[in-house]
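In: Prediction below, plus the sequence it came from.
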There are 2 protein chains.
Amino acid sequence: MTRKIRLGAFLPGGGQHVAAWRHPDSPADGATNFRFHVELAQEAERGLFDAYFLADGLAVSFGGGMEGGNAKVAGFEPVTLFAALAPLTKNIGFIATASTTYEEPYNLARKFASLDLISGGRAGWNVVTTATEAAAQNFNLDQQHPHAFRYRRAAEHVDVVKTLWDSFEDDAFVRDKDSGVFFETGKLHLAGHRGEHFKVKGPLNVSRSAQGHPVIVQAGQSEDGRGLAAATAEVIFTAHQRLDTAQEFYRDIKARARGLGRDPAHVLVMPGVSPFVGRTLEEARAKYDRLTSLILPEDGISLLNGLTGGTLDLSGYDLDGPLPPAPPTEGMKSRQALIRQIADDNNFTIRQLYQWVASARGHFTIVGTPETIVDTLQEWFENEAADGFNILPPWLPTGLTDFVDLVIPELQRRGLFRTEYEGATLRENLGLPFPINRYAAARAAVQAAE
Amino acid sequence: MTRKIRLGAFLPGGGQHVAAWRHPDSPADGATNFRFHVELAQEAERGLFDAYFLADGLAVSFGGGMEGGNAKVAGFEPVTLFAALAPLTKNIGFIATASTTYEEPYNLARKFASLDLISGGRAGWNVVTTATEAAAQNFNLDQQHPHAFRYRRAAEHVDVVKTLWDSFEDDAFVRDKDSGVFFETGKLHLAGHRGEHFKVKGPLNVSRSAQGHPVIVQAGQSEDGRGLAAATAEVIFTAHQRLDTAQEFYRDIKARARGLGRDPAHVLVMPGVSPFVGRTLEEARAKYDRLTSLILPEDGISLLNGLTGGTLDLSGYDLDGPLPPAPPTEGMKSRQALIRQIADDNNFTIRQLYQWVASARGHFTIVGTPETIVDTLQEWFENEAADGFNILPPWLPTGLTDFVDLVIPELQRRGLFRTEYEGATLRENLGLPFPINRYAAARAAVQAAE
């Protein structure tokens, strides 16, 4: 089978761009408008996207500030939202972000397993450690745990969750009305986990879904983050502005995965891309300029501060001067470095910097025609920089509709993208293997050795 | 307006009765069959029930044991399930159980607020402290916290959640595209909570719904439980076998609520009722006997042990002999007392006891015709024992369909129950007041005083 590009769609109802809600095409209340999310999910499914992806933060200032211009101050908890969207769609997957720092493994395992059952095996979990002080202060802490601590906890957390997801073997349920045997007790397993951060006896009280486990997604870029991603992730969401850094990341992750005994083909690297699509380059540029003109300076400054984990207080600096140095952070280490790299590479002023990152928070912004945009995606896909992309339409619904109507057909014309869904589950569409239940696998191994 | 009976429906897909899944009418996989839950929700809505209610436990042994006959070993997390059912229904409310002991207030507040937004104001939270050792062992504990500790934590937890739900005032969102003002910063409020169990700064990143807050439901029967219910609950789910104990509870709760400055009419007491409905008494009895005949003895014993918080190990006892004494528990104190009362009142053997509680886990089982059943409900409703009832159909879907087709019309004929939904939100249908945002109320009070 020819290798195909995988596509995720980031569709926060309020739009990705900091000023998206001010766009004439966008509903101003999109972030909290459930019916609008239904429309977005169905539109993304029309475009044959693999998954609807939502980021998440456990504080109001996530994705912007509290200065009054932030349309992302309020929204839906992603798993709850996706559960509601699942019965209204058929094929598209749902990748929800959830925190290993502020959720208990048992609760997290349950809600994702429930979503996976409800959707017929279309759930994914984007594993994050939640790197803001604002979130820490909503969870009994005065300041957040150190970066390394959060990643150790994350590794253990993911391990516990995956163990819990295997509590029931796939054929555990006999449901024999005559004998009264509902399940085989030998196919229900305790987790019995006792580690540094968690003690979880199990079993989980949810059965496995059609795809076995929800797909594990990760986005860490730091050393700790790459280690976790290579060890556990099946899809890696990453932020790069240039082919060379994307290639470095891609090769590094694949090498790490191989070193850990994993098949690198089962670790999909998917950089974020924020596309402004025009039938001509002028039309695309006009769309970019239109949105840029809607950014209030205070929202731009607040965005830069939020993206760097609240460590970049630019009040008092000249917006048309250079970016000042920032203190070290226990927050979003790699995002802070990326923002600085963008400023340095482009010799941006503060204003130019926030205008550039406003569309996708540091992800790769492409302004072009369907042909030039697909040229870039194809170059990255064919040169060890990407197995697919997470598309972050700058504003909604038009940013998404443009991509579905203009870019998807060009990808299909070149044979780079599906013309229909291959399978019923997210795993099948992504070409990821079904995770054999660990207890069934162990028994099979023992039987084979006997 | 004439006072009407309120009705909740307990509809776990696997059925309420321990042997429900073995009934020929029931799908054996009901507990994990999403489409079956859609059917149940729509059927309950056809019956004009106020709410679909789901209990919950954070362990596999909730509602039964791990002996192989328990159809409740696996199911859905209630909020995730209800989110999926919400867009497929219009009027029925969704009361989900969630734990103050094992969930963080910020996460819990978020998921319920999200469900409330998605459903257009139809969510309710059944506040529980989760009283089993099995659950404790899934959350980093070797044994559960003492009963009194759990209830202190619950009181603080509910307070934090309700404060978070008021983070945004109802008119905080300006969403003015021209000026770029999305919300009024003065109408977004920090919780700033620092208590014995929680430090939560806030604000919550979800806006209020059409009903302001999800409805608060509680089911505590012990001294601590009654205190919490009188202070915070708007609906109280309770278990009584006799009019006199139901009246004692009803009057006590209303007096406590009045003593705390609350309007007793806004604290709805709703005992559980498990009905076996027949067109004749013989038909009803035959339905009861049919289900009883399907109980395996080991499942009956396991049920009694589960209902008493895992403290009643009956293995080795003569099933046709009396119930032995049980040790004290930090678990379900009041449920343990209730089970013993049922045994004593009826002079039941162990076998007779589990057969009786098998249908509704200690709730009031009524075997009768629509007329005799409504006679009983009316007697309780008109004599200070109940403001409504939580109906626990013993098996599904027929136990529910029987109630909708036979009992609801009799209730309506007597003018005791609605003939159409009064409102769009759960609060409106229950006749509960809209909770004014605390910050808006405080400002209004200051302005009135000036």
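Out: Nice, thanks for sending it over. For clarity, every value in this text was computed on a predicted model and none was experimentally measured.
In: From start to finish, how long is stretch A:9-22 in a straight line?
Out: 21 Å (C-alpha to C-alpha, to the nearest Å).
In: which residues sit in contact with residue A:3?
Out: residue A:387 (C-beta atoms under 8 Å, 6 or more residues apart in numbering or on different chains). For every residue, glycine as well, the C-beta is placed using N, CA and C.
In: what's the neighbour count on whichever residue of the stretch 201-350 of chain A sits closest to chain B?
Out: The stretch 201-350 of chain A approaches chain B most closely through residue A:201 (3.9 Å), counting by C-beta to the nearest C-beta. As a burial measure, residue A:201 scores 22 neighbours (other C-beta atoms under 10 Å in any protein chain shown).
In: quick one: contacts for the residue nearest to it when sequence neighbours are not counted?
Out: In this structure, residue A:201 finds its nearest non-sequential neighbour in residue B:137, 3.9 Å apart by C-beta to C-beta, 6 or more residues apart in numbering or on different chains. Residue B:137 makes contacts with A:199-201, B:59, B:143, as judged by C-beta under 8 Å, 6+ apart.
In: try residue A:211
Out: Residues counted as contacts of residue A:211 (C-beta under 8 Å, 6+ apart) are A:116, A:121-123, A:425-428, A:434.
In: wait, isn't residue A:59 in contact with residue A:132?
Out: Yes - counting by C-beta atoms under 8 Å, residue A:132 is a contact partner of residue A:59 at 5.9 Å.
In: The two - which one has more neighbours?
Out: The residue with more neighbours, out of residue A:59 and residue A:132, is residue A:59; 25 against 19, by other C-beta under 10 Å.
In: The more buried one and residue B:422, how far apart?
Out: For residue A:59, the distance to residue B:422 equals 38 Å [C-beta to C-beta, to the nearest Å].
In: Next, the closest residue to residue A:440 other than its chain neighbours: phi, psi?
Out: Closest residue to residue A:440 apart from its sequence neighbours, by C-beta to C-beta, 6+ apart: residue A:169 at 4.9 Å. In terms of degrees, to the nearest 10, the main-chain angles of residue A:169 are phi -70, psi 160.
In: pretty sure residue A:169 contacts residue A:441?
Out: No - using C-beta under 8 Å, residue A:169 is not in contact with residue A:441; the gap is 9.8 Å.
In: The two: which has the busier surroundings?
Out: Per other C-beta under 10 Å, whichever of residue A:169 and residue A:441 has more neighbours is residue A:169, with 22 against 13.
In: Enumerate every residue touching residue A:254.
Out: A:264, A:267, A:269, A:384.
In: The same query, at a cut-off of 6 Å, please.
Out: By C-beta atoms under 6 Å, 6 or more residues apart in numbering or on different chains, the residues touching residue A:254 are residue A:264.
In: tell me the SS of it?
Out: helix (DSSP: H, G, I helix; E, B strand; the rest coil).
In: for residue A:102, same thing?
Out: coil.
In: okay, now it: neighbour count?
Out: Neighbour tally, residue A:102, other C-beta under 10 Å: 21.
In: What residues does it make contact with?
Out: Contacts of residue A:102 by C-beta under 6 Å, 6+ apart are A:58, A:130, A:139.
In: Just give me the least confident of those.
Out: Among those, residue A:130 has the lowest pLDDT, at 92.
In: OK, contacts around it?
Out: Contacts of residue A:130 (C-beta under 6 Å, 6+ apart): A:58, A:99, A:101-102.
In: Residues contacting stretch A:413-429, please?
Out: Residues contacting stretch A:413-429 (C-beta under 6 Å, 6+ apart): A:4-5, A:48, A:50, A:91, A:93, A:121-122, A:124, A:210-211, A:215, A:411-412.
In: in the stretch 1-150 of chain A, which spans are strands?
Out: For the stretch 1-150 of chain A, the strands defined by DSSP state E, counting those that start in this stretch occupy A:6-10, A:51-54, A:93-99, A:123-128.
In: for the stretch 301-450 of chain A, which spans come out with low pLDDT?
Out: A:309, A:328-333 (pLDDT under 70).
In: Show me what from it comes close to chain B.
Out: By C-beta under 6 Å from any C-beta of the partner chain, no part of the stretch 301-450 of chain A sits against chain B.
In: now the strands for the stretch 301-450 of chain A?
Out: Under DSSP E, counting those that start in this stretch, the stretch 301-450 of chain A gives strands at A:364-368, A:388-391.
In: now the last one, how far from the chain's geometric center?
Out: It stands for strand A:388-391. 10 Å (C-alpha atoms, centre = their mean, to the nearest Å).
In: for the longest one, same thing?
Out: Taking C-alpha atoms, centre = their mean, one finds the center of strand A:364-368 at 19 Å from the center of the full chain.
In: What strands line up against that strand, and which way round?
Out: Sheet pairing of strand A:364-368 (DSSP bridges) gives strand A:268-277 (parallel).
In: list the buried ones in the helix or strand just after the strand it pairs with?
Out: Sequence order places helix A:281-292 as the next helix or strand after strand A:268-277, per DSSP states H and E. Neighbour-count burial for helix A:281-292 flags A:284, A:287-288, A:290-292 (criterion: 16 or more other C-beta atoms under 10 Å in any protein chain shown).
In: any chance of these in a markdown table, plus pLDDT and distance to chain B?
Out: Listed next are the buried residues of helix A:281-292 as a markdown table, based on pLDDT from 0 to 100; distance: C-beta to the nearest C-beta, whole Å:
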| residue | pLDDT | distance to chain B |
| --- | --- | --- |
| A:284 | 97 | 23 |
| A:287 | 96 | 17 |
| A:288 | 94 | 18 |
| A:290 | 95 | 13 |
| A:291 | 94 | 13 |
| A:292 | 93 | 13 |
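In: returning to what we had before: let me know which of the strands of the stretch 1-150 of chain A is the nearest to chain B.
Out: strand A:93-99 (8.9 Å).
In: Any part of that closest one near chain B?
Out: No - under the criterion of C-beta under 6 Å from any C-beta, chain B is not reached by strand A:93-99; the shortest gap measures 8.9 Å.
In: which residues are contacting that strand?
Out: By C-beta under 6 Å, 6+ apart, strand A:93-99 touches A:50-56, A:78-79, A:82, A:108, A:122-124, A:126, A:128, A:130, A:217, A:426.
In: what residues does the stretch 1-150 of chain A put near chain B?
Out: Proximity of the stretch 1-150 of chain A to chain B, by C-beta under 6 Å from any C-beta, involves residues A:22, A:28, A:32, A:34, A:60, A:68-69, A:71, A:74, A:76-77, A:80, A:83-84, A:86-87, A:104, A:106, A:110-111, A:114-115, A:118, A:137-140.
In: which residues touch stretch A:279-290?
Out: A:276, A:278, A:367-368.
In: If any of the residues you listed are buried, put those into a PyMOL selection.
Out: What follows is the PyMOL syntax selecting those of these that are buried according to 16+ other C-beta under 10 Å:
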select buried, chain A and resi 276+278+367+368
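In: Serialize the contacts of stretch A:279-290 to JSON lines and add fields for distance to residue B:394.
Out: Formatted as JSON lines, the contacts of stretch A:279-290 follow (distance: C-beta to C-beta, whole Å):
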{"residue": "A:276", "distance to residue B:394": "60"}
{"residue": "A:278", "distance to residue B:394": "63"}
{"residue": "A:367", "distance to residue B:394": "64"}
{"residue": "A:368", "distance to residue B:394": "64"}
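In: right, and out of the contacts of stretch A:279-290, which lies closest to residue B:194?
Out: If you rank the contacts of stretch A:279-290 by distance to residue B:194 using C-beta to C-beta, residue A:276 comes first, at 46.2 Å.
In: Let me see the contact set for that closest one.
Out: Neighbours of residue A:276 in contact, by C-beta under 6 Å, 6+ apart: A:284, A:287-288, A:367.
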